[in-house]
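# Kindly generate the corresponding structure for this input.
(one chain, ligands or ions: 1)
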Amino acid sequence: MGESELDIPLEFDSMKSLDLYFGTGTAIVMDDKTCPVAMSRNLQMFYSRESCGWCTPCREGIPWIYELLNSIETGEGRPGDIDLIIDQAKYIGPGTYCAFAMGAVQPLESAIDKFREDFEEHIRLRRCPYTRGNILKS
Ligand code: SF4
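Numbering: from 1, shown residues only. All right, here's what the predicted structure looks like:
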């Protein structure tokens with residue numbers, strides 16, 4: 001969710017109108033100095049550690065996406081990685097036993113949708129632009 005979408009009532013219909021879900025009812029608020037790639041990577045690290053391992057897409061897919069995000073964040077991302085993540089992420093949630101895997105994919109897809117420019121900048125510069133005081137969208 002971006003700045004323009006912040007002023008909405010915290011109730012189901014309003015959230016759904018923005019294609020958002022309450023999930024666990026947790027909100028993470030980031031300012032413009034927070035790297036969305038690092039945030040996404042950390043979130044996927046959490047999900048990969050918390051997966052119970054029962055379903056293959058969740059057990060194998062989320063750590064794989066974490067590794068790709070880590071590559072992008074540390075300057076080793078390659079052109080095409082973003083589209084690869086988007087393409088593969090859609091296979092992680094469906095068919096899994098619980099909502100956990102889908103819950104991992106939704107914030108990732110949202111981050112790429114809202115902050116794709118930041119993901120691309122990491123790959124182009126071969127480093128995180130947020131770590132050296134060169135903040136995008138300042
Ligand atoms: S989707 Fe749920 S049941 Fe399946 S591996 Fe992930 S946490 Fe376990």
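
# only C-alpha atoms for contact and neighbour calcs from this point on.
Will do.

# Mind giving me the packing neighbours of the top helix by length along the chain?
Determined from DSSP state H, the single longest helix within the chain is helix 100-125. Secondary-structure packing of helix 100-125 (3 or more C-alpha pairs under 8 Å, 6 or more residues apart in numbering; DSSP states H and E): helix 36-50, helix 62-73, helix 81-89.

# how about a cut-off of 7 Å?
helix 36-50, helix 62-73 (3 or more C-alpha pairs under 7 Å, 6 or more residues apart in numbering; DSSP states H and E).

# count of residues packed around Phe115?
If you count neighbours by other C-alpha atoms under 10 Å, Phe115 ends up with 15.

# whoops, I mixed them up, Cys35
21.

# Give me the secondary structure label for the closest residue to it other than its chain neighbours.
Spatially, and ignoring its direct neighbours in sequence, Cys35 is nearest to Tyr130 (6.0 Å; C-alpha to C-alpha, 6 or more residues apart in numbering). Assigned with DSSP: H, G, I helix; E, B strand; the rest coil, Tyr130 falls in the coil class.
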